[in-house]
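Asks: Give me a model of this one.
(2 chains)
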Amino acid sequence: MKEIEKPEKGNKIIEEAAQAEYKYGFVTDIETDVIPKGLDEDVVRRISALKGEPEWLLEFRLKAYRHWLTLKAPTWGHVHVPEIDYQAISYYAAPRQAKKGGPEDIDPELKKTFDKLGIPLEEQLRLSGMAVDAVMDSVSVKTTYRDRLAELGVIFCSISEAVKDYPDLVRKYLGKVVPYTDNFYAALNSAVFSDGSFVYIPKGVRCPMELSTYFRINTAQTGQFERTLIVADDDAYVSYLEGCTAPMRDENQLHAAIVEIVVEDRAEVKYSTVQNWYPGDKDGKGGIYNLVTKRGLCRGDHSKLSWTQVETGSAITWKYPSCVLKGDHSIGEFYSVALTNNWQEADTGTKMIHLGKNSTSTIVSKGISAGHSQNSYRGMVKIAPKATGCRNFTQCDSLLLSDTSGAHTFPVIEVGNDTSVVEHEATTSKINEDQIFYCNQRGIPTEDAVGLIVNGYAKEVMAKLPMEFAVEAQKLLSVSLEGAVG
Amino acid sequence: MNALKQYIDLFDQNSSLIEEQSPALLNTLRRVAREHLQDAQLPRKGSEDYEATDLEAVFAHDYGVNVNRLPFEADPANTFHCDVPNMSTCMYYNSNDTFHSSATAERNIGQVVVEPFSMAAVDYPEVMSDHYGKLANLSDPTVALNTLLLQDGLFIYVPDGVVAERPIQLVNIFNAALDMMVQRRLLIIVGKNAAIKLLACDHTQSPDYHYLNNQVVEIVAMQGSTVDFYDMEESTPLTSRVSSIYVEQHEGSNVLIDGITLVNGFTRNNYHVEVNGEHAETQLLGMTIASGNQHVDSHTFISHNAPHCHSNEMFKYVLNDNAVGAFAGKILVKPNCPRVEAYQGNRNLCGAPTAKMYTKPQLEIYTDDVMCSHGSAVGQLDEEALFYMRTRGIGIDEARRLLMQAFVADVIDGVRLDALKDRLHYLVEKRFAGTLSNCAGCLQACRKS
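Replies: Numbers count the residues shown, from 1 in each chain, chains lettered A, B, ... in the order given. This is a model prediction of the structure:
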């Protein structure tokens, strides 16, 4: 039998896609206050002072900074994070006219930037049903629909404002899910974190609209260290979305964020991310180092936390959105599509720590590697001895679109009792030539066939995304997919 | 504390004696091993690839080492049998750290060479020096320790084109009235288009003493060769074993390794396979039945360095009481190795609330045109199946035993020796029934009632 020949067109398409420009790579020319580069206790104090923070928060930052000094950057990931010179980064950059007068008065240049990114800050222009917190570099530019949310008692604002307006709430929950001692990047973030979102959904409230934060790195030689804290009180529900982009630059920029989520009795939080930081050019130059700690605590019984992520950007991704399932009958979910192209490296996955009885978790991870990229799934499912009757199902599939890319899976399973069931499945393969052939036969060109097959492959995860995001994510995937015929 | 230190000190004090008693070839590598051990530390629980296993604690016990090569008086062939019915093997004994051949060893004469290193170094100096220590990785402290203290090993050589008529059986026995650690070493060279079946079984005759078997096996499967290696452990709760099996496969070779643990104390099995030739086939099978405080940890690594290779792994654990099981397996497919098919499976039954299972199946793939998968599951017996049997008058204990036997059956069915397969089914049945005696093969029958 004659072997099916590799379609020649494939190579051409790969070239085209590799040359495809990153759509969000522009820079906004706006006056920015940047504090000098370097990191020491004075810088930590200065950031705290700039944000007018109370004493306890400064103490928290200093403790974290001192702890960070004792730590070394982790090297266990299947990524090559070069030695980062932490003294060559500026830890605070604020668009000077972020908020001139009242919260409604925004610098037109900034507004233009977010318009260009498809994040209009005018409430009437928004797709109905989504409130946005827009963060540029180290500060939150604007949060929309705050008043309407406030009527229901929902707090949605930047964390800096929350520290001022709701100090007790922030103090109660900050650092409780991800303590500053958690890891190297968490300690760094705890010391220098700038802005991020704070969400509090009171008891029994079902948040009527999607809440969303859009992160934008603009200034060169800075890092972004945002911090997000979401608390869903008893019987509450919220769906939260996160998007991010950055300009194209030859230098690598650091993004080390922390997301903490607390879910109380019978509450549900849905956290979706479409991560599209600048991935670097086709030779692997530039790009964001996305080194993020995300964790949720399902504290209450029957609570539910669902992570959905579409990872297409960043030169290096090191990210493990996790669930600590403390409440009995609590549910953790993780749906992920990670696509790497060119020289990108992604090491991402999740941890499901089952502490509560009859807690269940589902992990579906789809990796797609093209170009010279490396894509790893790293996960852990741990069932504590007292967490009886737990259930986990994990499926992680990898699709290889080039013979120079790599796909890896590193799952860890620990089961401490005899009434829990844990399953793990993983497969790695390339796109089935028969499937492409089938499509070709029916007049579908190879390029479209690959798009179809990969979209079908990722469908399970895409279906979990909120509608507005699903559209964006699908577009994102298809842009990267066009050329990925192997 | 560094548990290695006591052994390194012992070596430093007795190095000239050890070197005098060993073939020169062993001494060359011994020096390298000594350097590797200079600042080495045994892995503690929680370190990479040792999530559930504390080697430091295992080696910390004050074991005796037979530095002086004192002979043990009893002849194992007269006191111990590990016959597999209907399988006429060529039997060799390894009593603690000393090799004996038996009358049946003559059967393969003229075909297969089985002799201690001390003889092989004289008879086959080139083969020995070409292969000894070439696969084993000295940066693993247990391998370095084996190389450091090793005074003799067993050399098995199947020349090109020779197909061994009968399986070779190596019976490893611990029988000493003191706590003891031995270094066991096998070097197995299977020439082009040659074939061999090898059964190694570990037994402990004195259940009251602590023993540690630190074993290193190197297997080279040349072009077109077939190697079956069955590694069975039936020891005692006080016996510990750290085994590292290194395999190198050439074009078209077919290697099956089957590790079976029925009774033990502590076991760590490392399997490291380098598939260097096209169209090679690898099968790694493992079965563990553990209860009490048994601890079994298997670690596999298969590196596909050539295209068109197949590998298949299946490890099954049945854990009861306080038993701890661990499995970590990695499949690596290097760049430019298309058409590799690699499967890895790990299935575990936790039969008691205090039994623990750790599993870490991993894939590392650098070529796109491959089919690789792994699956891992931890669970319990199917309640419905139990119910079905009970409605048909089968007692709960019997039903559980039947299901557990069925669970491990496919690993046993992977055995390519019918007689051994039957024997294993029988042993597993007895093991689940709790009637497997560790001294079943002992002719003295002192503990049999």
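Asks: which parts of chain B sit against chain A?
Replies: Taking CB under 8 Å from any CB of the partner chain as the contact definition, chain B meets chain A at B:48, B:51, B:335-336, B:338, B:348, B:350-380. For the C-beta atoms, the positions are set from N, CA and C on the backbone; glycine is no exception.
Asks: Of the residues you listed, keep whichever come out buried.
Replies: In those, burial by neighbour count holds for B:51, B:348, B:350-351, B:355-370, B:372-380, counting by 16 or more other CB atoms under 10 Å in any protein chain shown.
Asks: And for the residue in the stretch 151-300 of chain A that chain B sits nearest to, the neighbour number?
Replies: For the stretch 151-300 of chain A, the residue closest to chain B is A:N183, as judged by CB to the nearest CB, at 15.8 Å. Residues near A:N183, counting by other CB atoms under 10 Å in any protein chain shown, number 18.
Asks: what sits against it?
Replies: Contacts for A:N183 (CB atoms under 8 Å, 6 or more residues apart in numbering or on different chains) come out as A:71, A:74, A:293.
Asks: phi, psi of the second one?
Replies: Backbone torsions of A:P74, given as degrees, to the nearest 10, read phi -70, psi 150.
Asks: can you check B:K192 too?
Replies: phi -60, psi 130.
Asks: hang on, it packs against B:A221?
Replies: No - with contact defined as CB atoms under 8 Å, B:K192 does not count as touching B:A221 (9.9 Å).
Asks: Compare these two and say which one has the larger neighbour count.
Replies: Comparing B:K192 with B:A221 by other CB under 10 Å, the one with more neighbours is B:A221, at 33 against 18.
Asks: follow-up on the earlier one: tell me the buried residues within the contacts of A:N183.
Replies: A:T293.
Asks: export the contacts of A:N183 to CSV and tack on pLDDT and distance to B:V324?
Replies: As requested, the contacts of A:N183 are exported to CSV (pLDDT from 0 to 100; distance: CB to CB, whole Å):
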residue, pLDDT, distance to B:V324
A:L71, 92, 31
A:P74, 89, 27
A:T293, 94, 30
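Asks: Tell me the first helix or strand C-terminal of the longest strand anywhere in chain A.
Replies: Selection of the longest strand in chain A by residue count, based on DSSP state E, yields strand A:287-298. Later in the chain than strand A:287-298, the nearest helix or strand by DSSP states H and E is strand A:304-311.
Asks: Tell me the strands beside that following strand, with direction?
Replies: Strand A:304-311 pairs in its sheet with strand A:268-275 (parallel), strand A:331-340 (parallel), by DSSP bridges.
Asks: Check which residues of the helix or strand just after that strand are buried.
Replies: Downstream of strand A:304-311, the first helix or strand assigned by DSSP H and E is strand A:316-319. The neighbour-count check on strand A:316-319 (16+ other CB under 10 Å) flags A:316-319 as buried.
Asks: other SSEs contacting strand A:316-319?
Replies: strand A:287-298, strand A:304-311, strand A:345-348 (3 or more CB pairs under 8 Å, 6 or more residues apart in numbering or on different chains; DSSP states H and E).
Asks: Got the phi and psi for A:A150?
Replies: phi -60, psi -30.
Asks: Measure how buried it is and give me the count.
Replies: When neighbours are counted by other CB under 10 Å, A:A150 comes out with 12.
Asks: biggest helix in chain A by residues?
Replies: helix A:446-462 (DSSP state H).
Asks: does chain B sit close to it?
Replies: No - in terms of CB under 8 Å from any CB, no part of helix A:446-462 sits within range of chain B; the closest distance is 12.7 Å.
Asks: Run through the neighbouring helices and strands of that helix.
Replies: Counting by 3+ CB pairs under 8 Å, 6+ apart, helix A:446-462 packs on helix A:8-19, strand A:304-311, strand A:331-340, strand A:360-369, strand A:391-400, helix A:433-441, helix A:467-481.
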